[in-house]
Each structure stands twice: as structure tokens, then as C-alpha cells.
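Predicted model follows, preceded by the sequence.
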Amino acid sequence: MKLLFCSIFVGLLVGVNQAQEPGFSKFAVATVQPLASDAALAAYEKGGNAVDAAIAAALTLGVVDGHNSGIGGGCFIVIRAADGRLSALDGREMAPAKAHRDMYLIQGKVDDEASKTGALASGIPGALRAYDLALKKYGKLTLADLLRPAADLAEKGFLLDEVYARKLAATVEKLRLFPASAAIYLKADGSPLQKGDRLIQKDLAKTYRAIADQGLGWFYGGEFAQKTEAWMAVHGGISTIADFVNYKPLEREPIRSSYRGYDLVCMPPPSSGGVHVAQILNIMEHFPIRHFRASSRIHVVTEAMKQAFADRAYWLGDPDFAPVPRGLVDKEYAAELAEKIDLDHSSSVPSHNTPPHWEGDIFGKHTTHLSTADVEGNWVALTQTINTAFGSKVVIPGTGVLLNNQMDDFSVQPGVPNAFKLIGAEANAIAPGKRPLSSMSPTLVFKEGKPWLTVGAAGGPTIITQTLLLISHVMDDGMAPNAALAEPRFHHQWNPDELKIEKTFDASTLKRVEALGHKLDKSSGFGACQAIQWDDARKLLVPAHDPRIPGKASGL
């Protein structure tokens, strides 16, 4: 590692006065959809806390942002309760019992479309189980309390925004393949609903009310599971009633790490996000990031990203099935990786590295993110998904529930890229009951032992890099969260060997980064990050939503 201080540019990023950003004294929320933020506020005003508000927002997002998430998918939730308890709830989808390593091999060739669209694409949804567990352990309200307002919204309908309409237009051909899906999202002539059209989901409203009235058994083994099994049997799927009955949410031990004196609490595997947010920040800690000129900063952080994503491809998987080394977040291991970074030029990363004690010290056995916090000390980072836009494109007839295509997050075959061009190894191979690897990165940050920041993002593997860039801008540069989210982004995931970078960086910076040996994939913008920060000086919660997308940051 060669530190070239001639590349230091003093005053590159000046901290933004937090007083410039609005804050709230009791409660704050940030989501990608104003109606979901409103639902969170309503739950808090009804006597709930930040946990109740987060689940209210999550259920509402399943109605108004259903192309990204819903009860047909899964989630990760990181919680800091008012009494100081920390929790990482795993509601990740699970492979059906009949799933197997070679299920997408047909006559020796991989049918990678089958893991993305149709009956074989879906894992068993876990979001509802995780919501219910969060409420019972840390909330004040019940799941039924929060389902009914979301059901009313589904029945009444809402006007599509530009993002929803764009996703529909891009997915219309596949949605047409499934009559129950087409009946909801397309017009009578087969064309997609447009911006400003009202989307009404009466079957989804009935489903929400049935769960509220009859309990989770209606979904996990009852009428919904029965309808799913019947549909799957006719269309070549493998999900059964027994798979739904056997689904269990898991409460895992959070990952603990630190960055420049702040403590991080992150989601453990099968999230790769927590591991690699911590790993990349550990590497960055060896460089004076704040004082680098833009091109040098991008270069160093990119090199750290490459090292982490190479490790992700080899080591990461469901810890109940594969040994995932704790050494990936070891500070000494990060120091070794930092030594490999050449500040003069991009370096080749031919393969993964080997963390310390990899044989024995292991972790215990499209997307949307929302953040909530209240003054009582409840803080939540919740990320949920059905994977790519509209998931498997399959709505189970009569239910309104859109199923995920999370099976594509497994290594369909080791070495074969998924929809996000990510490659996995045996650790993430398909197995019955296994949970696929995820990039979701819900994260809490503590300052002097007190909750200070909640953050997470949406956008496939860029979730990891969006999250760590927000953390770096807030910690390294002293920026307020909304200002930090407005900063240009970049992302490298080792394979393919290209740097995805937003065009909003100035041309001279892009030219210098390219001169360091990076192949640029210039983007008009990517991702969707949400955050809340505690402003100790003003004693206010400061929510922030990503300016790249519609959304709402609000509070009381």
C-alpha cells in the first residue's frame, strides 16, 4: 500500500450543518412511498412505537410498492429496542423441500430463466412470519391492527407514480404470461397501467383481512398455502402446503463491528450485506478517506469493494448450511487486504482471499428499505424484497399475492451469474430448506453507546455499497443524511470487472478514475437508500429519503 499524499485534496467534501435539515422530536420515518410513510405515522399515533410503525410501512409497501416487495417475499429486520435489546430477524425466503442443486439443469444446460420467472422461481415467503415476530417481541400493536388499514388502501386503490408505471412497462411481456397477474396490472387490451391510473387490488385486500381475522395459519398452511400448492401442481412448481407449515423466522445474533470509533450492528448471513459493509469499512479505515480528492477516494473504496465481493462469491451462504467465516469482519484481515491496494493503479483480484480461522470460527447456524426511530429509543432498519421487479411475475389466483423469484439468488449453478451478474460458489448452492444469499444490509450505528443512525438501501448488490457510502459520508465528512444521500454513487462487485458510477461526478473526476485503470460503466443514477440520524445538538430525529426516487421522510 502506497499512500501518495500529493493526491490529497483539502476541503473536497465539507460537512453540512445538520440544522439545515428538518428533524422531529418524537418519531421519524423514511420510505420510498409517501403512503407507506403515512401508514407508519398513523401506527405511531395509534399508540405504537417505531417497530409497529416499521411493520405498518412494510405492509403498506406490499400494496403501493408491490413490484419491489410484499407478503409473497422476505425481509431482514435489525432492531434496537428501547430497553437496549438488539435483534436481527431473518424472514428470508426458504427453498422448498423438493428443491435441489441441479433443478435448473435441463439436458446438461442451465435454464436460468426458470429461476427468474414462473413456478420454479419462488422460495417460501417469510416476511409475514418476521413481521409477526417483531411485533410480538418488540411492538405494542398486533399484526391485525396493521393489516386492516393496508387492506382498505388495497381495496380503495391508489394512483400509480412514475416509478411503478415504468416498472410495469418494462415487465409487461412476462406479466401477460400469467392471467391472474395480467388481470391486476394490465388493462383489458393487455397494455400496462399508466402513471396516474388507479391500481385496485381487491383480492389482496381480502387476503390481508383473512390473515387479520384468522391469523397466520391462513397463509402458512391454510387457504393461501392450499391455493399455492394447487397452482404449482398444475404449472410445474414444487412448493407445497408442508413447505409453508414448516417455515420459521429466525432471530440471529447481529454482527458487531466498528468504524472510526462508531459501533455498527448489522444483519448476519444469509445477508452478505452486513458482512461486507463491515469488511469494506474495515479496509477503508486504513486510509485518510476524508482528505482524498474525489478520484483517489473512489479508487480506494472501489479496490476495497472488489476484495469484499470476491470473498462474497466464495464464502457466503446460509450459515445453517455452509460454514461462513467470522474472520471476514476481522480487523487484522482487513489490514492485510488494505495492504494489497495500490493507490497508483487498479489491481487485479483473481480470486477470494482466506480470512483467519476460516475452518472453525463461523457464523452460527428488487427490494425496498425503510427506517424508523422514536424518542423512546426504538430504532429499526427493515429491508424487504421479492427480488427483481414483480418477482416471479406469478400472482396466485384469488389471493392478489405476487410471489418472489428469490431462487435466483442461489447459485443456480456455481459460477453461473444471476440476474444481477453476481456469481456464487458451493456455499450458496441450492438445497431443500436453505435460504439464498442476500445483499440486503439493514444497519444500525451507535455513537458512545447510543443509537445514532439507521440506514439501508434497495438495488441488488448495490445495496451494500450504497449503505457503506452513506455511512462514510456521514462519519468521514460530517454530512447530514439528506445531503449525504444526494452525493454521487459508485459500485464494484468484482465480477464483472467494471465500475458502475454515476455521471453526476464531474468529467475531470471520471477521467482521472479511468486513468487509474478502471473500466467505467456510467449510470444516470442507481439505488434507493433511506436513513434516520439523531441530531444530538438539537435533540431531533432527522429522516432522509433518496432524492433519486419518489419517497417521503417525515415524523412527529
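Yep, that arrived.

And this structure, what are its domain boundaries?
Domain ranges of the chain: 5-22+252-366+440-555, 35-71+94-249+395-407, per automatic domain parsing.

Kindly reformat the ones you listed as a markdown table and extend each row with mean pLDDT, mean neighbour count and distance to residue 389.
In short, each C-beta sits where N, CA and C put it, glycine included. Output for these, formatted as a markdown table (pLDDT from 0 to 100; neighbours: other CB atoms under 10 Å; distance: least, CB to CB, whole Å):
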| stretch | mean pLDDT | mean neighbour count | distance to residue 389 |
| --- | --- | --- | --- |
| domain 5-22+252-366+440-555 | 87 | 21 | 5 |
| domain 35-71+94-249+395-407 | 96 | 21 | 5 |
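
okay, those in CSV with distance to residue 426 next?
Converted to CSV, those look like this (distance: least, CB to CB, whole Å):
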stretch, distance to residue 426
domain 5-22+252-366+440-555, 7
domain 35-71+94-249+395-407, 9
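
so which of those domains gets nearest residue 378?
With CB to CB as the criterion, residue 378 lies closest to domain 35-71+94-249+395-407 of the domains of the chain, at 3.9 Å.

May I have the distance across that closest one, first residue to last?
30 Å (CA to CA, to the nearest Å).

Need the CA coordinates for the host helix or strand of residue 147. PDB is fine.
Taking DSSP states H and E as the definition, residue 147 sits inside helix 143-156. Output in PDB follows, covering the C-alpha atoms of helix 143-156 (Å, rounded to 0.1, in the frame of the first residue of the first chain):
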ATOM      1  CA  LEU A 143     -50.400  -7.700  13.100                       C
ATOM      2  CA  ALA A 144     -54.100  -7.500  12.600                       C
ATOM      3  CA  ASP A 145     -54.100  -3.800  13.700                       C
ATOM      4  CA  LEU A 146     -51.700  -3.000  10.900                       C
ATOM      5  CA  LEU A 147     -53.100  -5.300   8.200                       C
ATOM      6  CA  ARG A 148     -56.600  -3.800   8.100                       C
ATOM      7  CA  PRO A 149     -55.600  -0.200   7.100                       C
ATOM      8  CA  ALA A 150     -53.400  -1.600   4.400                       C
ATOM      9  CA  ALA A 151     -56.300  -3.800   3.200                       C
ATOM     10  CA  ASP A 152     -58.500  -0.700   3.000                       C
ATOM     11  CA  LEU A 153     -55.900   1.000   0.800                       C
ATOM     12  CA  ALA A 154     -55.600  -2.000  -1.500                       C
ATOM     13  CA  GLU A 155     -59.400  -2.100  -1.900                       C
ATOM     14  CA  LYS A 156     -59.700   1.700  -2.500                       C
END
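
The following helix or strand past that helix pairs with which strands, parallel or anti?
For helix 143-156, the following helix or strand on the C-terminal side (DSSP H and E) is strand 158-159. Applying DSSP bridges, strand 158-159 is found paired with strand 198-199 (antiparallel).

What are the contacting residues of the partner strand?
The contact list for strand 198-199, computed with CB atoms under 8 Å, 6 or more residues apart in numbering, reads 157, 158, 159, 160, 164, 184, 185, 193.

Just to check, residue 240 is in contact with residue 229?
Yes - under the criterion of CB atoms under 8 Å, residue 240 makes contact with residue 229 at 5.0 Å.

neighbouring contacts of stretch 249-257?
Stretch 249-257 is contacted by residues 78, 86-91, 126, 129-130, 132-133, 137, 263-268, 274-275, 278, 281-282, 329, 364 when judged by CB under 8 Å, 6+ apart.

quick one: it to chain centroid distance?
Relative to its chain's centre, stretch 249-257 lies at 16 Å (CA atoms, centre = their mean, to the nearest Å).
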